[in-house]
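Student: I need the structure of the sequence given here:
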Amino acid sequence: MRVTLVTIGSRGDVEPYVALGCALAGAGHTVRVATSEPFGDFVRARGLDFVRLGGDIKHMVGDEGRAALAAAGSNVMRTFSALRRYLGPLIREALDALDGALSASDVVIGHVLVPGAASYARERGIAYLDAAYVPVLPTRHFAHPGAPVGTPRGIPSLLSHFVAEQILWQAFRGDVDAFRRRVLGLGASSFFGPHTLRIDRRPAWLFAFSPEVVAKPRDWPPHAFVTGYWFLDPVDAWTPPRELTQFLEAGEPPIYVGFGSMTAHRSADKTLAVLAALKKAGRRGLIATGWGGLTKVATDDSVMFIGDVPHAWLFPRVAAALHHGGAGTTAAAFRAGIPQMAIPFLADQPFWGHRIAMLGAGPEPLPIAQVEPDRLQRGLARLDTSAVRRAAAELGRRIRAERGAEAAVPLIEREAARARPTSSAPTPRRWDGCASPSGSRCPGPSRTSRREWSE
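Tutor: Have a look, this model is predicted:
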């Protein structure tokens, strides 16, 4: 099959799809990844074709946009306004590139932030599947991951899913309808969107998280599959900086602290609070500055500041992790079997923080607004209990035994065949994909073996 994976956003939005692409390539399929511009080299390094689908979310949304989304909290109108204002340009740029990005595919696997991909695939006679790493299908068993913490089970939880979906859909419905008219010659889409009140219908959903962390709810349809996490290991060519290996070897394993793509208000103050908590706890620290959540400041040799280091390499070498609660970072810490605590900013981060605590792998989350030295120090003390260490290690052992990306491949093959349109649908244009290497590491093909997409 010729498979196009569609996703935009930050590293956490892209890496799982690249891992899935490597598994598909290892099974003999030809794969390209349509994603944000900064990830071209990252995709190509895995031997997959890259198609530009929008610009750099870091610069297009900016610090102001991330702060506005965080400040919106559970306020529906403020969230809607922030999505329209700050994510709208990114979504529109992605929609403008869809025609070229998805043409000649047999199968498209899409991300929730590219809402026009399903319409395009359906109209062009291409099988389509949804993919997500957050449990966003409606259920009575737990609230939508972006809903207020403490939303009761049952009808309130079910309604929270519909509300969250509608905030996202209504924010970009006009952009999707403009794309449908301009590119596909179609009328307006359904007012309530493609999924609400219709979860019993196709397309299939692939969920890239472990059933050990979130079991499939009993009220999800048969075509919703929880496959396990889609992990990506560092490429063989990656080597850690010498200063980092020397720091790791110089003493006991440090505490990792990093907020990924989040931007913190008064980040220098947050960094000083982290340093004070580490000092009170008598622990070494490894602080990732990320996109501005933490700031490099003067400190002693018990702390090192780092840039981008693969979690798959780093986390097995640290004692515990304090992080923003992003789905990818949480998954990496689960896999490594280390204690962790979330310091959530927005969206699904509180959800993952409470899952960590529920599974016994760490304490309850500490929201970023409540970060101060004493609270952080108490969190560090809870991370260091034997019960938490045992629970984290056992969960890591079970998650490492899963191979989510590889498990997703036969599901994709079966569901794509089932979803493939009839002969009355348009015939996709020809695609001679690249030669696919074997194995989940997916190293790049040689110059002589690589073929290109063609019309």
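Student: when you work out contacts or count neighbours from here on, use the C-alpha atoms and nothing else.
Tutor: Fine.
Student: packing partners of the helix ranked longest in the chain?
Tutor: Counting by DSSP state H, the longest helix found in the chain is helix 155-179. Where contact means 3 or more C-alpha pairs under 8 Å, 6 or more residues apart in numbering; DSSP states H and E, helix 155-179 is packed against helix 76-82, helix 88-102.
Student: most tightly packed of these?
Tutor: Most buried of the helices and strands packed on helix 155-179 by mean neighbour count (mean count of other C-alpha atoms under 10 Å) is helix 88-102; its value is a mean of 20.
Student: I'd like to know which elements it is packed against.
Tutor: Partner elements for helix 88-102 (3+ C-alpha pairs under 8 Å, 6+ apart): strand 49-52, helix 57-72, helix 117-124, helix 155-179.
Student: mean pLDDT lowest where, among those?
Tutor: With a mean of 59, helix 57-72 has the lowest mean pLDDT of the helices and strands packed on helix 88-102.
Student: please enumerate the strands of the stretch 301-450 of the chain.
Tutor: 303-306, 320-323, 340-342 (DSSP state E, counting those that start in this stretch).
Student: any chance of these in a markdown table, plus mean neighbour count?
Tutor: Formatted as a markdown table, the strands of the stretch 301-450 of the chain follow (neighbours: other C-alpha atoms under 10 Å):
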| stretch | mean neighbour count |
| --- | --- |
| strand 303-306 | 18 |
| strand 320-323 | 26 |
| strand 340-342 | 33 |
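Student: so which of those comes closest to residue 220?
Tutor: strand 340-342 (27.5 Å; C-alpha to C-alpha).
Student: pLDDT-wise, which helix or strand of the chain ranks last?
Tutor: Between all helices and strands in the chain, the lowest mean by mean pLDDT, DSSP states H and E belongs to helix 57-72, at a mean of 59.
Student: before we move on, the earlier item: pipe the helices and strands packed on helix 155-179 into a markdown table and attach mean pLDDT per row.
Tutor: Formatted as a markdown table, the helices and strands packed on helix 155-179 follow (pLDDT from 0 to 100):
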| stretch | mean pLDDT |
| --- | --- |
| helix 76-82 | 66 |
| helix 88-102 | 78 |
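Student: so for residue 45, which of those helices sits nearest?
Tutor: Nearest of the helices and strands packed on helix 155-179 (C-alpha to C-alpha): helix 88-102, 19.2 Å.
Student: can you name every helix or strand that the next helix or strand after that closest one contacts?
Tutor: Proceeding C-terminally, helix 88-102 gives way to strand 107-110 as the next helix or strand, assigned by DSSP states H and E. Under the contact definition 3+ C-alpha pairs under 8 Å, 6+ apart, strand 107-110 sits against strand 2-6, helix 117-124, strand 127-132.
Student: comparing the ones you listed, which comes out most buried?
Tutor: Taking mean count of other C-alpha under 10 Å, strand 2-6 is the most buried of the helices and strands packed on strand 107-110, at a mean of 26.
Student: what's in contact with it?
Tutor: 17, 21, 29-35, 102, 104-111, 114, 117, 431, 433 (C-alpha atoms under 8 Å, 6 or more residues apart in numbering).
Student: can you state the direction angle for it and helix 88-102?
Tutor: 180 degrees (axes from the mean of the first three to the mean of the last three C-alpha atoms, to 10 degrees).
Student: and stretch 94-112, end to end?
Tutor: By C-alpha to C-alpha, to the nearest Å, the extent of stretch 94-112 from end to end equals 12 Å.
Student: name the residues that touch it?
Tutor: So stretch 94-112 is contacted by 1-8, 34, 51-54, 114, 116-118, 120-121, 126-132, 176, 179, 183, 416, 428-431, 455 (C-alpha under 8 Å, 6+ apart).
Student: how far does that stretch sit from its chain's centre?
Tutor: Distance, stretch centre to chain centre, for stretch 94-112: 19 Å (C-alpha atoms, centre = their mean, to the nearest Å).
Student: stretch 42-51 too?
Tutor: For stretch 42-51, the distance to the chain centre is 18 Å (C-alpha atoms, centre = their mean).
Student: sort out which residues of it are buried, please.
Tutor: 43, 44, 45, 46, 47, 48, 49, 50, 51 (16 or more other C-alpha atoms under 10 Å).
Student: ok, so of these, who is nearest residue 147?
Tutor: Proximity of these to residue 147 was ranked by C-alpha to C-alpha; the top entry is residue 43 with 32.6 Å.
Student: what is the helix or strand hosting residue 248 packed up against?
Tutor: Counting by DSSP H and E, the element that carries residue 248 is helix 242-249. Judged by 3+ C-alpha pairs under 8 Å, 6+ apart, helix 242-249 is in contact with no other helix or strand.
Student: what strands flank the helix or strand that that helix is followed by, and is each parallel or antiparallel?
Tutor: In the C-terminal direction, the helix or strand that comes right after helix 242-249 (DSSP H and E) is strand 255-258. Sheet pairing for strand 255-258, assigned by DSSP bridges, gives strand 285-288 (parallel), strand 320-323 (parallel).
Student: give the rounded mean pLDDT of the last one.
Tutor: Spelled out, that is strand 320-323. 95.
Student: which residues are in contact with that strand?
Tutor: Applying C-alpha under 8 Å, 6+ apart, the contact partners of strand 320-323 are 254-260, 315, 329-330, 333, 338-344, 383.
Student: repeat that with 6 Å
Tutor: 255, 256, 257, 258, 259, 338, 339, 340, 341, 342, 343 (C-alpha atoms under 6 Å, 6 or more residues apart in numbering).
Student: for those, which single residue is the most surrounded?
Tutor: When neighbours are counted as other C-alpha atoms under 10 Å, the busiest of these turns out to be residue 340, with 36 neighbours.
Student: hmm, back to that, okay if I get the strands of the stretch 301-450 of the chain as TSV plus distance to residue 222?
Tutor: Below are these laid out as TSV (distance: least, C-alpha to C-alpha, whole Å):
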stretch	distance to residue 222
strand 303-306	44
strand 320-323	34
strand 340-342	32
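Student: nearest to residue 402, out of the ones you listed?
Tutor: Nearest to residue 402, of all those, is strand 340-342, at 20.3 Å by C-alpha to C-alpha.
Student: tell me which strands the closest one pairs with, and in which orientation.
Tutor: Assessed with DSSP bridges, strand 340-342 is paired to strand 320-323 (parallel).
Student: can I get the partner strand as PDB, trimmed to CA atoms?
Tutor: Below are the C-alpha coordinates for strand 320-323, written out as PDB (Å, rounded to 0.1, in the frame of the first residue of the first chain):
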ATOM      1  CA  ALA A 320      12.800  10.300  37.800                       C
ATOM      2  CA  ALA A 321      11.100  12.900  35.600                       C
ATOM      3  CA  LEU A 322       9.200  16.100  36.300                       C
ATOM      4  CA  HIS A 323       7.600  17.300  33.100                       C
END
